[in-house]
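>>> take a look and give me a structure for this.
(2 chains)
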Number of protein chains: 2
Amino acid sequence: MTRAYNFSAGPATLPEPVLQQAREELLEWHGAGASIVELSHRGPEFMQVAAEAESDLRKLLSVPDDYAVLFLQGGATTQQALFALNFAKAGQPVDYVVTGHWGKTAVKQAEPWGKANVAADAEPGGFHDIPARSQWRLSPDAAYVHYTANETIHGVEFRDIPDVGAVPLVADFSSSIASEPLDISKFGVIYAGAQKNLGPVGLTVLIVRAELLARTGQPRPPILDYRAHAEHESMLNTPPTFNWYLAGLVFKWMLAEGGVDAFAKLNATKAAMLYEVIDGSGGFYRNEVAKPVRSRMNVPFFLHDPALDADFLVEAKAAGLISLKGHRALGGMRASIYNAMPVEGVRALATFMRDFQKRRG
Amino acid sequence: MTRAYNFSAGPATLPEPVLQQAREELLEWHGAGASIVELSHRGPEFMQVAAEAESDLRKLLSVPDDYAVLFLQGGATTQQALFALNFAKAGQPVDYVVTGHWGKTAVKQAEPWGKANVAADAEPGGFHDIPARSQWRLSPDAAYVHYTANETIHGVEFRDIPDVGAVPLVADFSSSIASEPLDISKFGVIYAGAQKNLGPVGLTVLIVRAELLARTGQPRPPILDYRAHAEHESMLNTPPTFNWYLAGLVFKWMLAEGGVDAFAKLNATKAAMLYEVIDGSGGFYRNEVAKPVRSRMNVPFFLHDPALDADFLVEAKAAGLISLKGHRALGGMRASIYNAMPVEGVRALATFMRDFQKRRG
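Residues are numbered from 1 along each chain as shown, chains lettered A, B, ... in the order given. Predicted coordinates:
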């Protein structure tokens, strides 16, 4: 067996020790007589797994006490459909700052149940930059302001938390949660599909201030009601236990590796290595994002001649570097370098990129 | 390592060969350089896994060609919230036949977006029987008629498909899908959380007739729109790939074991073994469900003296028989005996029950 360095944008690489532990425990979890995937979510074994995962995540992210941590299904996109339903009154404006593909998606999900206002839109500039805060046309009576902390496809990342006054910020942190310290008290909600920085796909983490949970929102079934999920500790119906368990192993791994402070340093180092190769390539490689908002998690880049793309991918794979093809919306390449991607993997990619340029430049 | 016989109602026991294969492949899937849980849902590896799973499930269940098969998140409960939104016009009646806890839940999820009419309700009789078809008060203009094919908690199972004329049947088969042959053409929708008969939790299968997908329904976000999911082959957003993969392994296992015909025989045998012990115990054990509608999948039973419950559970566990505690809504015991529970497991339970009665009766 040979594991490659896997730059997939999500589902993404997991820490190998986590996979090894999951493998060891897969047929029987801690003497329980069954796999954790076979045990009731209401039994003592999974209740312990669930409680530890929440407690570890709270520690990892320094979640303030007045925030609920929910473990949900449906991915980030489903949450985007539920925000207006849970947090806005009928007809109340909901503000969206669009800095890439996922911000656009969020608006579409909000429209049937919220008066969606695009307060700022970076699409006319090709999603290469973040509109200055002074240009945002916010609604004074908005239920919330939504933005995407890191745009996974376009490789654009907020490097600060925007000040929107008293209106709660709702932020999609799917591809950058736990990648560096974050002051959660500045947000009403942060949420993330787990399949990038938190572990396996099939689990969505939502961290929400109690004040927002108390809002009336609009008529909705219990299963789409965040307050009901909070009251039932994310067990309103059967949760995705194995995904929750795997994420819990990733949380323990991140804490053991030094937590978000340690990952912030590693992630800055890894991103700098790739941008240095790109910027130093004299145009052989190209990243089009404004430098101050380049993503530390997803590095999209283009070869100067797209006719080289196929060879680049084939040779990279032969060098043990996989999943580098860019999203079909953009083309080119993309290297996703979340917490679980080791520095050695990024170094191997940087070396390969320099070598490929030497041979084909 | 000692695996017990696990009678959990769901998450439930998985076929051991499936867990073994998953363990073998967990760090690297078929030479891909990564685990299947780390690979893009859009990459060739997972696309193959997904396509095979659908094709195997279609074969296993003899799904007619004009039905879409969707692999979704959110559990059966989330689907219950979406039926009215997708299939009913605003204000149109939606009919519910309630024969247990899950049928009641389905009504609650439907209420905000459908004019829910409880056409029949077995609760006054303690959910011990199914109201005769002649007593159902169906709405002539209903968008659909919903029922629960097998009530997991109350142990009540429809043994025929009710005739409701031209109105589409929408049926929750969470705990009995693939347990015996079924004529899917009689339904508009059958759906099932996967964690009972199909494998792992975190995946929901929905089999829906094309005619229903064409309905306008009510305004809804794309992520809550079944037609959009069908058009994107259940990859409208990132699907729960590992759960889908595990379910696919279970489908292959079921086909290799002889398919639904073989399981129908085994399941009838297993259920008969337990009901025989209960009915032959002279009142030491008690099942309260009318014999013609007793569930083949979930056998709830009570000891004549609840003071014996704790000892029963402790001694059963010592005998390698776990997860027999009844649902907290009912108390007592429950043995869930889905496809993956071998006859030997049920025989061991029957033997234990007889032995316990001898010692404590």
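>>> so chain A: which segments form each domain?
Domain assignment for chain A, taken from automatic domain parsing, gives A:17-256, A:259-360.
>>> is the last one anywhere near chain B?
Yes - figure legend: domain A:259-360 in contact with chain B (C-beta under 8 Å from any C-beta of the partner chain); contacting residues A:K317, A:G320, A:I322, A:S323, A:R328. For the C-beta atoms, the positions are set from N, CA and C on the backbone; glycine is no exception.
>>> closest one of these to A:V167?
Nearest to A:V167 among those is A:R328, at 35.0 Å by C-beta to C-beta.
>>> list of residues touching stretch A:251-268?
A:15, A:17-18, A:52-53, A:56-57, A:59-61, A:178-182, A:198, A:296-297, A:337, A:339, A:343 (C-beta atoms under 8 Å, 6 or more residues apart in numbering or on different chains).
>>> just the buried members of the residues you listed?
A:15, A:18, A:53, A:56-57, A:60-61, A:178-180, A:182, A:198, A:296-297, A:337, A:339 (16 or more other C-beta atoms under 10 Å in any protein chain shown).
>>> which intervals of the stretch 201-350 of chain A have sub-threshold pLDDT?
Within the stretch 201-350 of chain A, not a single segment meets pLDDT under 70.
>>> the strands in it, which residues?
Under the criterion DSSP state E, counting those that start in this stretch, the stretch 201-350 of chain A contains strands at A:204-209, A:285-286, A:298-303, A:321-322, A:333-336.
>>> thinking again about what came up before, please produce a ChimeraX select command covering the buried subset of the residues of domain A:259-360 next to chain B.
Only the buried entries of the residues of domain A:259-360 next to chain B go into this ChimeraX selection, using 16+ other C-beta under 10 Å:
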select /A:320,322,323
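>>> which pair in the residues of domain A:259-360 next to chain B has the greatest spatial separation?
Among these, A:G320 and A:R328 lie farthest apart (C-beta to C-beta), at 24.1 Å.
>>> any idea how far stretch A:272-284 is from the chain center?
Stretch A:272-284 has its C-alpha centroid displaced from the chain centroid by 25 Å (C-alpha atoms, centre = their mean, to the nearest Å).
>>> how many neighbours does the residue nearest to A:Q73 when sequence neighbours are not counted have?
Leaving aside its sequence neighbours, A:Q73 sits nearest to B:Q73 (C-beta to C-beta, 6 or more residues apart in numbering or on different chains; 4.2 Å). Using other C-beta atoms under 10 Å in any protein chain shown, B:Q73 has 26 other residues around it.
>>> give me every residue that touches A:Y67.
A:Y67 sits next to A:I184, A:I207, A:V208, A:R209, A:A210 when contact means C-beta under 8 Å, 6+ apart.
>>> closest to A:R347 among the residues you listed?
Using C-beta to C-beta, A:I184 is the member of the contacts of A:Y67 that sits closest to A:R347, with 32.2 Å.
>>> measure that closest one to A:T13 for me?
Per C-beta to C-beta, to the nearest Å, A:I184 is found 26 Å from A:T13.
>>> more neighbours: those two, which one.
With neighbours defined as other C-beta under 10 Å, A:I184 and A:T13 compare such that A:T13 has more, 29 against 19.
>>> surely that one touches B:A34?
Yes - A:T13 is within contact range of B:A34, at 6.7 Å (criterion: C-beta atoms under 8 Å).
>>> could you tell me which residues touch both of the two?
With C-beta under 8 Å, 6+ apart as the test, A:T13 and B:A34 both reach A:N6.
>>> over to A:D121: give its phi and psi.
In terms of degrees, to the nearest 10, the main-chain angles of A:D121 are phi -140, psi 120.
>>> does it really touch A:V98, like I thought?
Yes - counting by C-beta under 8 Å, A:V98 is a contact partner of A:D121 at 4.7 Å.
>>> out of those two, which sits in the busier spot?
A:V98 (23 against 18).
>>> read off the pLDDT value for that one.
Looking at A:V98, its pLDDT stands at 98.
>>> kindly report the same for A:A110.
96.
>>> surely it touches A:Q79?
No - using C-beta under 8 Å, A:A110 is not in contact with A:Q79; the gap is 10.7 Å.
>>> tell me the residues of the stretch 51-200 of chain A that contact chain B?
Going by C-beta under 8 Å from any C-beta, the residues of the stretch 51-200 of chain A near chain B are A:73-78, A:80-81, A:108-113, A:193, A:195, A:200.
>>> shaky segments in the stretch 1-150 of chain A?
In the stretch 1-150 of chain A the weaker segments, taking pLDDT under 70 as the threshold, are A:1.
>>> quick one, strands of it?
A:5-6, A:67-72, A:93-98, A:115-121, A:145-148, A:150-151.
>>> in three-state terms, label A:G165 for me.
On the three-state scheme (DSSP: H, G, I helix; E, B strand; the rest coil), A:G165 is labelled coil.
>>> how close does it get to A:R133?
Using C-beta to C-beta, one obtains 11 Å as the distance from A:G165 to A:R133.
>>> cool, and A:L213?
28 Å.
>>> who has more neighbours, the two?
When A:L213 is set against A:R133 and neighbours are counted by other C-beta under 10 Å, the residue ahead is A:L213, at 23 against 13.
>>> looks like that one contacts A:Y226 (just checking).
Yes - counting by C-beta under 8 Å, A:Y226 is a contact partner of A:L213 at 5.9 Å.
>>> which residues are in contact with each of these two?
What both A:L213 and A:Y226 touch, as defined by C-beta under 8 Å, 6+ apart, is the set A:A68.
>>> list the contacts of A:F83.
By C-beta under 8 Å, 6+ apart, the neighbours of A:F83 are A:V94, A:A110, A:G114, A:Y144, A:H146, A:V170, A:V189.
>>> pull out the buried residues from the residues you listed.
Among these, the ones that count as buried by 16+ other C-beta under 10 Å are A:V94, A:A110, A:G114, A:Y144, A:H146, A:V170, A:V189.
>>> which one among those residues gets closest to A:L249?
A:V189 (25.3 Å).
>>> quick check: beta-bridge partners of that closest one?
Note on A:V189: beta-bridge partners A:V170, A:V208, judged by DSSP bridges.
>>> pull out the buried residues from stretch A:166-173.
A:V167, A:P168, A:L169, A:V170, A:A171, A:D172, A:F173.
>>> surely A:T2 is in contact with B:E28?
Yes - counting by C-beta under 8 Å, A:T2 touches B:E28, with 7.2 Å between them.
>>> circling back to that earlier point, in helices only, show me the residues of domain A:259-360 next to chain B.
Among the residues of domain A:259-360 next to chain B, the members found in helices (DSSP state H) are A:K317.
>>> nearest to chain B among the residues of domain A:259-360 next to chain B?
The shortest gap between chain B and any of the residues of domain A:259-360 next to chain B belongs to A:I322, at 5.1 Å (C-beta to the nearest C-beta).
>>> please report how far that closest one lies from B:H101.
Taken as C-beta to C-beta, the span from A:I322 to B:H101 is 47 Å.
>>> try A:V98
In terms of C-beta to C-beta, A:V98 sits 43 Å off from B:H101.
>>> with A:S234 instead?
20 Å.
>>> next: A:G33.
27 Å.
>>> next one: A:L313
Distance from A:L313 to B:H101, by C-beta to C-beta: 52 Å.
>>> in chain A, which spans are helices?
A:16-25, A:44-61, A:75-87, A:101-110, A:210-213, A:226-231, A:241-256, A:259-279, A:309-318, A:343-360.
>>> what sits against the residue nearest to A:I223 when sequence neighbours are not counted?
Nearest non-adjacent residue to A:I223, counting by C-beta to C-beta, 6+ apart: B:T77, 4.6 Å away. Residues counted as contacts of B:T77 (C-beta under 8 Å, 6+ apart) are A:I223, A:L236, A:N237, B:T105, B:Q109.
>>> same thing with A:Q218?
By C-beta under 8 Å, 6+ apart, the residues touching A:Q218 are A:A84, A:L85, A:A88, A:K89, A:A90, A:W113.
>>> what does A:A50 give?
A:H41, A:F71, A:E233, A:S234, A:M235, A:P239, A:T241, A:W244, A:G248.
>>> of these, closest to chain B?
A:T241 (5.4 Å).
>>> neighbours of that closest one, how many?
Counted with other C-beta under 10 Å, A:T241 comes out at 27.
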